[in-house]
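Engineer: Just a sequence and a predicted model for now, questions to come.
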Amino acid sequence: MEQANQGQRQGQQDKGTRSRGLKLTDILVTIVIAVVFGIIYKIWGPMYDVVKPLGTHAEQTIYGMWFIAGTFAFLIIRKPGVALLAEIAAASVSALLGSEWGISTLYYGALQGLGAELVFAIFLYRNANVWVTSLAALAAAAGSLVLDFGYGYIESLSAWNYTLLIGLRGLGSIVIAGIFAFGLSKALELTGVTNVLRPASKADYDALTRL
């Protein structure tokens with residue numbers, strides 16, 4: 001009887017630790033997060049234009065808001081594919097709401113989401129601290145720069161100007177899509193909502209068996 005119970009508990013542990021694939025609930029929550037940030041993305045466009053006349057690439061310090069859907073969604077769900085899905089979905093919402101960048105918004109969303117996703121994948125989707133989140137934000141920024149260069153937005157900049165743009169965009173991405181996203185997820189954790197959305201770990205099951 002005891003062996004049967006142990007086998008059942010082991011099966012539950014294995015199921016919990018293997019539960020890494022996206023479930024319908026995960027996808028729906030990711031979409032909800034993406035819709036919220038997609039609306040913010042659309043609002044952020046005019047704000048970006050307001051800051052731009054200040055010069056010296058000041059607008060790059062707030063560019064990181066366009067990366068936050070991917071990092072924040074992963075911090076909540078913590079499963080493969082979430083960062084990419086959230087960023088693409090948020091970009092889609094922004095485009096549907098009439099983003100001034102049109103269809104290219106989707107391309108940016110895809111590359112930015114892919115950048116963040118790759119960083120989380122490197123850490124096997126198990127590390128979600130502020131440093132990893134900030135690296136993911138930087139990778140998303142790198143994705144946006146690839147398209148900026150491809151579209152010819154920044155190829156004519158001088159070396160110092162180009163360096164300043166990259167530096168400020170990187171800094172903005174760390175602050176907004178890294179540190180701020182991490183803090184926002186921690187605030188949400190205090191409500192207990194995230195416990196329902198994440199797969200149970202072996203440690204969770206071990207804790208239950210000790211009760």
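Structural biologist: All right, it came through fine.
Engineer: Please enumerate the helices of this structure.
Structural biologist: In the chain, the helices defined using DSSP state H lie at 2-18, 24-51, 68-77, 82-96, 104-122, 130-150, 159-173, 181-189, 193-197, 202-209.
Engineer: Test my guess that T61 contacts L171.
Structural biologist: Yes. At 6.6 Å, T61 counts as touching L171 under the criterion of C-beta atoms under 8 Å. Heads up, the C-betas are built off the backbone N, CA and C, glycines and all.
Engineer: Run through the residues that contact the residue lying closest to F123 once chain neighbours are set aside.
Structural biologist: In space, and not counting its chain neighbours, F123 is closest to V132: 5.4 Å by C-beta to C-beta, 6 or more residues apart in numbering. Residues near V132 by C-beta atoms under 8 Å, 6 or more residues apart in numbering: V119, F120, F123.
Engineer: hmm, try it at 10 Å
Structural biologist: T71, F74, L75, V119, F120, I122, F123, R126, G178, F182 (C-beta atoms under 10 Å, 6 or more residues apart in numbering).
Engineer: who wins for neighbours among those residues?
Structural biologist: In terms of neighbours by other C-beta atoms under 10 Å, the contacts of V132 top out with T71 at 37 neighbours.
Engineer: residue contacts, that residue?
Structural biologist: When contacts are counted by C-beta under 10 Å, 6+ apart, T71 touches 64, 82-83, 86-87, 112-113, 116, 119-120, 128, 132-137, 139-140, 173, 176-178, 180-182, 184-185.
Engineer: Quick check: the gap between it and G183.
Structural biologist: Noted for T71: a distance of 12 Å to G183, by C-beta to C-beta, to the nearest Å.
Engineer: Find residues that contact each of these two.
Structural biologist: Residues touching both T71 and G183 (C-beta under 10 Å, 6+ apart): T133.
Engineer: Count the residues that sit near L184.
Structural biologist: As a burial measure, L184 scores 15 neighbours (other C-beta under 10 Å).
Engineer: Likewise for the one 10 residues further on?
Structural biologist: The local packing count at T194 equals 17, with neighbours defined by other C-beta under 10 Å.
Engineer: Appreciated, that's everything.
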